[in-house]
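Visitor: fold the following, please.
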Amino acid sequence: QVQLVESGGGLVQAGGSLRLSCAASGRTFSDYAMGWFRQAPGKEREFVAAISWSGGITYYADSVKGRFTISRDNVKKAVYLQMNSLKPEDTAVYYCAAEYGSLWTGNSVDYWGKGTLVTVSS
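Guide: Have a look, this model is predicted:
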């Protein structure tokens, strides 16, 4: 089992920045590729970003490329999402996800966090 707990959400003005954190506990964190998803009100959950087990490979949705940066610290068992130049359309609940394996495929997420709310005001 892997437990994932997100933090860092909140209310921010458009153009501002937030840094989300996801703390993992349980099984070996470095065995998992990690990802971030989001779900806006009335919409389906969508992929935001992911990172390989080593941190050497990152993946981004086109909508956040150039604005968001995913990183991880395997010693601290944490993954981060630095969000810059935030837009009102980034408003959503952001979820941390873990997929067993060295590379992210998105085909079989094994664990989810409960989410943290990000609200971007215009």
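Visitor: next up, the contacts around the residue nearest the centre of the chain.
Guide: By CA atoms, centre = their mean, the mean C-alpha position of the chain lies nearest to Trp36, the distance being 2.5 Å. By CB atoms under 8 Å, 6 or more residues apart in numbering, the residues touching Trp36 are 20, 22, 48-50, 70, 79, 81, 94-97. Glycine gets a C-beta too; all of them are placed from N, C-alpha and C.
Visitor: pLDDT wise, what is it at?
Guide: Trp36 is assigned a pLDDT of 98 by the prediction.
Visitor: measure Asp73 to Asp62 for me?
Guide: From Asp73 across to Asp62, the span is 26 Å (CB to CB, to the nearest Å).
Visitor: got it, and Trp53?
Guide: 24 Å.
Visitor: ok, those two, which is more surrounded?
Guide: Trp53 (21 against 6; other CB atoms under 10 Å).
Visitor: surely that one meets Gly101?
Guide: Yes: under the criterion of CB atoms under 8 Å, Trp53 makes contact with Gly101 at 7.5 Å.
Visitor: good, we can wrap up now.
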